[in-house]
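Participant: Structure for this input, please:
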Amino acid sequence: MHGAIAKKHSRATKCAFFPAHHIQHGQEQGGQKETEMPVRLTEREKQARGTSQRRRAREPRPLRTVQKAIRELRRHIADMTYNIQIARKSVRTDGVLIEVTVSDKHGKFEKTRRVNPAFKIQHDALKVLSGLNRRMEYLQEEREQAEAKQRKSESEESEFRI
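Facilitator: Numbering: from 1, shown residues only. Got it, this is the predicted structure:
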């Protein structure tokens, strides 16, 4: 019981007395290092680092399936690019701050200035776009593996033909 109280107290102490801006990047916080989110590596990147494990490698999907996924992903990338363009146009035309009419608690309408919501849309779309581009790298590598597998099976078939 005493150990649980000490743990709870230590977490509360860290939160209460050491705000987030006092913690240095890479410094331990709660027993774990505070670092950036780990990135999933492609098989080539794993092989270059020497961390590739054959038993954990995914079996490549058929070439048609991978090509279909690539086409679909290209459509998503085009959509995100369009969203980013629209958000940029909105920021250029409307400006950083936009005027909004808001009612207060008494029902009175007041005009206030707020940050353009297109900023958030643009920020989120850029994050999604970077994720989609990373996914495209995975799919292109998977396509290369599927093509190699298909070439290998075709060459084996041609060896046994009469």
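
Participant: Give me the residue ranges of this structure where confidence is low.
Facilitator: Flagging of the chain using pLDDT under 70 yields the residue ranges 1-39, 54-58, 158-162.

Participant: can you pull out the strands in this protein?
Facilitator: Along the chain, the segments classed as strands by DSSP state E run 28-29, 32-33, 97-103, 109-115.

Participant: and the angle for the third one with strand 109-115?
Facilitator: The directions of strand 97-103 and strand 109-115 differ by 150 degrees, with axes from the mean of the first three to the mean of the last three C-alpha atoms, to 10 degrees as the criterion.

Participant: Make 52 the first number, not 1, from now on.
Facilitator: Got it, first residue is 52 now, which makes that one strand 148-154.

Participant: before we move on, the earlier item: tabulate the strands of the chain in TSV, adding columns for mean neighbour count and distance to residue 93.
Facilitator: Using the backbone N, CA and C atoms, a C-beta is placed for each residue, glycine as well. Below are the strands of the chain laid out as TSV (neighbours: other C-beta atoms under 10 Å; distance: least, C-beta to C-beta, whole Å):
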stretch	mean neighbour count	distance to residue 93
strand 79-80	12	30
strand 83-84	8	25
strand 148-154	11	42
strand 160-166	9	38
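
Participant: For residue 203, find the nearest of those.
Facilitator: Residue 203 sits nearest to strand 83-84 of all the strands of the chain, at 43.1 Å, using C-beta to C-beta.

Participant: ok so, going back, quick one: which of the strands of the chain is nearest residue 200?
Facilitator: strand 83-84 (39.5 Å).

Participant: how near is residue 110 to residue 134?
Facilitator: Look at residue 110 and residue 134: by C-beta to C-beta, to the nearest Å, they are 35 Å apart.

Participant: Tell me which of the two has more neighbours.
Facilitator: A side-by-side neighbour count of residue 110 and residue 134, using other C-beta atoms under 10 Å, places residue 134 first with 18 against 6.

Participant: Excluding chain neighbours, what is closest to that one?
Facilitator: For residue 134, ignoring the flanking residues on the chain, the nearest one in space by C-beta to C-beta, 6 or more residues apart in numbering is residue 176 at 4.6 Å.

Participant: Please work out how many residues are found near residue 114.
Facilitator: 16.
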